[in-house]
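**Student:** I would like the atomic coordinates for the input below:
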Amino acid sequence: MVAMTASLPRREMLPTAIEAGCDLFLFFFDPDEDFQWMKEGLENGLLTEERLHDAIHRTLGLKAKIGLHNTPREEIMLPKEEALSKIATEANTEVVREVADKAITLVKDKQKDLFPVRPERYKRILLVPVSGIKGGFGAMIAGNKPKALDILKALLEERGHEVLIWESTQEKIMKLPEEERGAAIANVYAQKQPIANLTDNYDLIINVGDVNSGGTIQRTIWPASKGTPDSPFYVHEIPTIYVSVQNPFDLADVPQVGTYINTYDGMLVTMEELVKKLAGESEFKGVSSADPFCGLWDTKLWRDRK
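**Tutor:** Below is the predicted model of the structure:
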């Protein structure tokens with residue numbers, strides 16, 4: 001990866017990494033070229049015979065321990081259908097659920113009496129998608145997998161909430177006939193509306209940040225429109241929760257929120273555990289291993305609604 005190749009020329013980096021304690025590499029650029037550089041490194045002293053043999057023994061020892069040396073290749077390379085059948089088993093799912101239960105972190109909890117999130121308290125919920133740069137390999141890999149936003153909507157509706165997902169101004173404009181888009185774009189700053197349009201129609205707003213699904217720039221991209229729910233200007237007007245399902249440092253771009261949660265992924269099991277915690281059926285147990293406040297003073301502030 002770039003972080004490794006940035007430190008040394010590849011012909012030096014490969015043997016130096018093995019000498020430093022790395023036993024094997026997962027990927028080649030070109031096998032013949034890489035092997036030649038490993039050989040040169042051994043010849044010029046960057047890699048010692050002792051360390052090379054140690055790496056080989058450790059690698060072969062691991063293969064022997066799990067029986068690969070006695071396992072026919074066809075058993076190692078399972079057919080696609082059989083391999084997939086070993087994924088998402090009941091036992092594996094329970095491990096994922098346990099991890100999610102222990103990982104989901106209530107980073108910021110400044111709104112008084114916000115929880116529990118139940119239909120009798122918050123019947124009408126607006127879910128607002130928040131994203132970063134879209135596209136790239138991440139989006140291709142994700143394919144048509146269910147989005148955390150859609151999963152969360154279904155789970156909340158199962159509990160009796162009335163849930164609407166906000167459609168951004170940009171998405172609405174792209175659905176218009178091409179000849180009408182210019183006028184719509186020119187009118188994008190005229191989207192301001194009374195705050196009562198939110199407070200009269202919703203009891204709770206949940207911003208779902210899904211940043212880092214399509215690019216290497218892990219920052220929130222706010223829309224150009226003004227006065228629309230995808231810019232959280234209303235946090236002191238209506239109960240608001242920000243849930244980040246990927247980037248644990250989203251709070252830097254939305255410091256004004258009083259309640260901020262990191263789930264670390266947007267899988268079904270994780271969203272199920274999140275909903276339990278929102279409803280007060282399970283405690284928030286996660287502890288941040290890094291600073292989710294990003295060392296910024298404003299991410300910790302909050303002024304209660306009067």
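**Student:** CA only for contacts and neighbour counts going forward, please
**Tutor:** Will do.
**Student:** distance between the ends of stretch 158-168?
**Tutor:** Separation of the first and last residues of stretch 158-168 by C-alpha to C-alpha, to the nearest Å is 25 Å.
**Student:** chain center to it: distance?
**Tutor:** 21 Å (C-alpha atoms, centre = their mean, to the nearest Å).
**Student:** excluding its backbone neighbours, what's nearest the residue nearest the centre of the chain?
**Tutor:** The residue lying closest to the centre of the chain (C-alpha atoms, centre = their mean) is residue 246, at 1.7 Å. Nearest non-adjacent residue to residue 246, counting by C-alpha to C-alpha, 6 or more residues apart in numbering: residue 264, 4.7 Å away.
**Student:** I'd assumed residue 249 was in contact with the one you found.
**Tutor:** No - the criterion here is C-alpha atoms under 8 Å, and residue 264 misses it with residue 249 at 10.4 Å.
**Student:** would you map the helices across the stretch 101-250 of the chain?
**Tutor:** Remark: helices assigned in the stretch 101-250 of the chain by DSSP state H, counting those that start in this stretch are 136-142, 148-158, 169-174, 178-186, 196-199.
**Student:** what does the shortest one contact?
**Tutor:** Spelled out, it's helix 196-199. Outside helix 196-199, the residues that touch it by C-alpha atoms under 8 Å, 6 or more residues apart in numbering are 237-238.
**Student:** just the longest one next, same as before
**Tutor:** Contacts with helix 148-158, where a contact means C-alpha under 8 Å, 6+ apart, come from 127, 129, 162-165, 208, 210, 245, 266-268, 271-272, 275.
**Student:** please repeat the previous calculation with a cut-off of 10 Å.
**Tutor:** 117-119, 123, 125-130, 161-165, 206-210, 244-245, 265-272, 274-276, 279 (C-alpha atoms under 10 Å, 6 or more residues apart in numbering).
**Student:** per-domain residue ranges of this structure.
**Tutor:** Annotated domains of the chain cover 2-76, 95-300 [automatic domain parsing].
**Student:** deepest of those domains, which one?
**Tutor:** Each of those was assessed for mean neighbour count using mean count of other C-alpha atoms under 10 Å. The highest is domain 95-300, with a mean of 17.
**Student:** quick check: end-to-end length of it?
**Tutor:** 33 Å.
**Student:** and it, how far from the chain's centre?
**Tutor:** Using C-alpha atoms, centre = their mean, the offset of domain 95-300 from its chain centre is 12 Å.
**Student:** how about stretch 92-102?
**Tutor:** On C-alpha atoms, centre = their mean, the centre of stretch 92-102 falls 16 Å from the chain's centre.
**Student:** I'd like to know which of the contacts of helix 148-158 are part of strands.
**Tutor:** Judged by DSSP state E, those include 125-130, 162-165, 206-210, 244 as members of strands.
**Student:** my read is that the residue nearest to the centre of the chain contacts residue 209, right?
**Tutor:** Yes - shown here, residue 246 and residue 209 form a contact pair, counting by C-alpha atoms under 10 Å, at 7.5 Å.
**Student:** between the two, what contacts are shared?
**Tutor:** Common neighbours of residue 246 and residue 209 (C-alpha under 10 Å, 6+ apart) are 262, 266.
**Student:** let's have the domains of the chain in CSV, adding distance to residue 84 and mean pLDDT.
**Tutor:** Conversion of the domains of the chain to CSV gives the following (distance: least, C-alpha to C-alpha, whole Å; pLDDT from 0 to 100):
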stretch, distance to residue 84, mean pLDDT
domain 2-76, 14, 90
domain 95-300, 16, 87
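**Student:** for residue 82, find the nearest of these.
**Tutor:** Residue 82 sits nearest to domain 2-76 of all these, at 10.5 Å, using C-alpha to C-alpha.
**Student:** now do the end-to-end distance for the closest one.
**Tutor:** 31 Å.
**Student:** next: stretch 235-250.
**Tutor:** 16 Å.
**Student:** ok, now which ones touch the residue nearest to the centre of the chain?
**Tutor:** Residue 246 neighbours (C-alpha under 10 Å, 6+ apart): 208-213, 218, 262-266.
**Student:** relative to residue 39, how far out is it?
**Tutor:** Distance from residue 246 to residue 39, by C-alpha to C-alpha: 42 Å.
**Student:** phi, psi of the residue nearest to the centre of the chain?
**Tutor:** phi -140, psi -70 (degrees, to the nearest 10).
**Student:** after the longest helix that the chain contains comes which helix or strand?
**Tutor:** Ranked by residue count and defined by DSSP state H, the top helix of the chain is helix 49-65. The helix or strand immediately downstream of helix 49-65 is helix 73-76, counting by DSSP states H and E.
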